[in-house]
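>>> Structure of the sequence below:
(chains A and B)
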Amino acid sequence: MNAIVWILWLTATMTFTLTTRNPLYIMIVLGGLFGLGNRLAKERNMTPWVLPNLRFLLTMILLSTLINGLFSHVGNTALFSIPQSWPLIGGDITLESLIYGVINGLVIGTLYILFNTINLALSTKQITRLIPHAFHPIAVVITIALTFFPSIQQRAREIKEAQMIRGNPMKKISDWIPIMIPLLVSSLENAILLAESMTARGFHKQTELQSPRALVSLILAAFMIFSGWILQMYRFPSLFFISLYILGTSLVTITLLTIGKQANVTRYHQETWTKTSMFSAALIGIYIAGFAFLALIGRLSTLGFSPYPRLHLPAIQTLGLIFSLIPLLPILVLHHD
Amino acid sequence: MINFNALSFQYPQSSHKVLDNVSFEIPPGTLTLVTGASGSGKSTLLRCINGLVPHFSGGTITGQIRVFGFDPIREGVEVLAKIVGFVFQEPEAQFVFDVVEDEIAFSLENLGVSRAEMDRRIAEVLRQLQLQKLRYKQINQISGGEQQKVAIAGALVTHPKVLILDEPTSQLDPTAADEVLRMILDLKSQLNLTVLIAEHRLERLLPYVDRMLNLTPEQTVTFGLPAEVLSTMEQVPPIIEIARKLGLSPLPLAPETFPNDSLDYIPLVSRQAQPTPIDKPETLLSVQQLSTNLGDKQILEKINLDIHKGEVLVLMGPNGAGKTTFLRSILQMIPSSGTIIYGKVHLENMSFPQIIQHIAYLPQNPNDLLFAESIIDELKITLENHNRDINQVNFRKFLDLFGLGDQGDRYPRDLSVGERQRTALAAITVHDPEIIFLDEPTRGLDYQAKKALSHLFHQWRQGGKSIVLVTHDVEFAAHLADRVAILEDGKLVFTGKPVTAFTTFPPYQTQTAKLFPGRGWIIPEDVVSNTA
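Numbering: from 1, shown residues only, chains lettered A, B, ... in the order given. Below is the predicted model of the structure:
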């Protein structure tokens, strides 16, 4: 599936997850994500994938439940009480606040698993390929940052092990200093080596972002967008600020495209648009538009759910169920491909 | 051709010149071996050829360089990148992307090559290096040898005239190293490349080099035919050492080119040199039926091996055979099955802090161990970690053993590679463990630094310590081994005398063994002690 379609899918799934607090819908999304993630992980021989993600999800739920339960004392079903004299946490621990914590944990965990799934679906190169040519150096830097993070984690593990070999018990915070120093030094050394390697392979400042014309154009575009925002704040007619937004973003796009064409870099891969990708993009486009429209006119009332003041079952509606099936779309596409 | 004319270079904030009045001329289509002790300026010299020095490094440069008509000092790295391919020492540290073909395409993208042309060139270089099967693989899922080949492919894809490799085989096992070297030689003749390789282990390359360039820390540079340059060098590979002792001239560069008649007339004495066998060895550590899995993959399969008191046990095997896993499994750093008995105690019943009181472990990267302000502080920290009294140790005397007696106040990261390695060894052994595990301790070390390590290990052995040495460095291992174990695919395929290991297993044959087949000689000292 085309990388742009994946990003559209990510946007749609994220929008839905952030908009709803209905635990049933979130669980459906989660189930779909686990199914999709597991399939992608198997394709990439990255097992076990489900277990670590499930562990993170449960940790988030536990933490969120504890925090909400201890600090929010709203709700009619008191399970037990903490003395009022205890600062911050004193009061009733209610079933409703615990459930609200569970829901928040579910949302955080879902977002985490969503991003883990997109990491499986797209290589770092595919992600950075979406960045315009004009920002080629930035794209490369992002790529490195994305690949650097796992390697730093690996280095941290190696250094921790090396320090434990010297008898460091790794119990107190100060015991971690011997990890930080070698990690910092080796990260800097590796960064210099990588920069040297990139320079030796012809990587250099490729674009004319700092040329006066490009700068004037980008500053003008920023001014238009900012003015539009000011006008919107002071409740001017929407025609004014929407026009400024459109003009500003168009100017940014044109400037970047022009600079991009001047950049003497090429890209090895080009995203291909198959019929399935185009169909999927159209479907997700309809999904996002339809979801936004229905939510705005209040036809998706079951998205919101609050367990307060007394716990009750969340309401469901067919439309909500359909929208929560969005993680299944890539599974169908992958199956079809 | 590559021409250096009175080139001098000094790094910023440095008080002395790294290169001083260097002049030489490398003919096109030749292979030049660049050698010299650590810190002699090998890497700096190589970086002058593509303009990384001074354009990336900064510093003051005088003199002239011409690389196939280009001037790296004036034109810079951007221009030279088109004709000079550079492969750095640690391939994994130079990769930008996570997939093989993307990594190879990086240089071409920077040069603005069209997509169709990129596709053609990538296919071509993958075919030349026989990497077609790896094209879509994740780089972190391929072996060290394959990673090195990918790095070379990334450098060759721009069709350079010059290929520079900085210690390309330092992390590879003998088989993988041979494979990479053969591939470089094939490419050199196919593409008429001018190749420069910096390398410490000369024995691997000598048979194939056309020119040699030797640098010393005193900034003297010798350039010429290999035999000429070798005659001026103190530290040389075993074959040259033997040839010198036999008074041969010109010096043969490979066992195959050693004059047969000179071997036939070597007068023999009756004695056969062998490492002194230990009478009735006392088993200090017994490994029984050790099996280890990492994820779904079985890394070690039912290993049985005893480690004796006061011996050097060399553990060899190809990359990925499970050597490091074996050490880590014994130390209980990885869950495993089987029995490990230290003295009379089962290691499974000991905690990790208890185990490392008795068994020290030097991991592959000694830098991971060092973080304190001075060498002595490093020692004190280890002692404190083990709840030992720091006043009981005479640090000066202890550091003398490591050749660091007068350097206790120095900052560890300012030391040379060899000194840092010995500091790390001091830091893991200051609490006086009985067994020492060493994982590739000679990686990146020059002859001098290896000699210092060898001396240290001899002293440890004499002091009754047991050493388990994991290494790819066959010549170094042959000097030290009391016993050899060979691991392949997680199985112990050989345990026995060094003379058997270093004469019968082709990847591990020493130069001396190749030179004198059937005589049971594995190091130059064997030849000397057996000839009149």
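>>> Would you confirm that residue B:51 contacts residue B:76?
Yes: here residue B:51 reaches residue B:76: they are 5.0 Å apart, a contact under Cβ atoms under 8 Å. Where you see a C-beta, it was placed from the backbone N, CA and C, and this is true even at glycine.
>>> When those two are compared, which one has more neighbours?
residue B:51 (26 against 19; other Cβ atoms under 10 Å in any protein chain shown).
>>> And the residue nearest to that one when sequence neighbours are not counted, how far from residue B:433?
Among residues not flanking residue B:51 along the chain, residue B:72 sits closest, at 3.7 Å (Cβ to Cβ, 6 or more residues apart in numbering or on different chains). According to Cβ to Cβ, to the nearest Å, residue B:72 and residue B:433 sit 50 Å apart.
>>> quick one: buried residues of stretch A:81-95?
A:91-95 (16 or more other Cβ atoms under 10 Å in any protein chain shown).
>>> which one among these gets closest to residue B:351?
The shortest approach to residue B:351 among the buried residues of stretch A:81-95 belongs to residue A:93, at 38.9 Å (Cβ to Cβ).
>>> pretty sure that closest one is in a strand, no?
Yes: using DSSP: H, G, I helix; E, B strand; the rest coil, the assignment for residue A:93 is a strand.
>>> residue contacts, residue A:106?
A:23, A:26-27, A:30, A:57, A:60-61 (Cβ atoms under 8 Å, 6 or more residues apart in numbering or on different chains).
>>> ok, of those residues, which one's closest to chain B?
Among the contacts of residue A:106, residue A:57 lies closest to chain B (Cβ to the nearest Cβ), at 21.7 Å.
>>> Can you list the buried residues in the helix or strand harbouring that closest one?
If you go by DSSP states H and E, residue A:57 is part of helix A:50-71. By neighbour count on 16+ other Cβ under 10 Å, the buried set for helix A:50-71 is A:53, A:57, A:60-61, A:64-65, A:68-70.
>>> how far out from the middle of the chain is the helix or strand following that helix?
Per DSSP H and E, the first helix or strand lying C-terminal to helix A:50-71 is strand A:78-82. Taking Cα atoms, centre = their mean, to the nearest Å, the mean C-alpha location of strand A:78-82 is offset from the chain mean by 36 Å.
>>> swap in stretch B:492-506?
Going by Cα atoms, centre = their mean, where stretch B:492-506 is centred and where its chain is centred differ by 21 Å.
>>> which residues touch it?
So stretch B:492-506 is contacted by B:274-275, B:303-305, B:314, B:316, B:474, B:477-478, B:481-487, B:508-510, B:513, B:517, B:520, B:522 (Cβ under 8 Å, 6+ apart).
>>> Tell me which of the residues you listed fall in strands.
Under the assignment DSSP state E, these contribute B:303-305, B:314, B:316, B:483-487 to strands.
>>> Which residue ranges of the stretch 1-150 of chain A form helices?
Along the stretch 1-150 of chain A, counting by DSSP state H, counting those that start in this stretch, helices occupy A:3-19, A:23-43, A:50-71, A:95-121, A:124-129, A:136-165.
>>> How about the stretch 351-500 of chain B?
B:352-358, B:375-385, B:395-400, B:417-429, B:447-462, B:474-480, B:498-504.
>>> can I get the helices of the stretch 1-150 of chain A in a markdown table with distance to residue B:20?
Formatted as a markdown table, those follow (distance: least, Cβ to Cβ, whole Å):
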| stretch | distance to residue B:20 |
| --- | --- |
| helix A:3-19 | 53 |
| helix A:23-43 | 57 |
| helix A:50-71 | 56 |
| helix A:95-121 | 51 |
| helix A:124-129 | 44 |
| helix A:136-165 | 36 |
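>>> Kindly reformat those helices as TSV containing mean pLDDT.
Output for those, formatted as TSV (pLDDT from 0 to 100):
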stretch	mean pLDDT
helix A:3-19	93
helix A:23-43	94
helix A:50-71	94
helix A:95-121	94
helix A:124-129	75
helix A:136-165	78
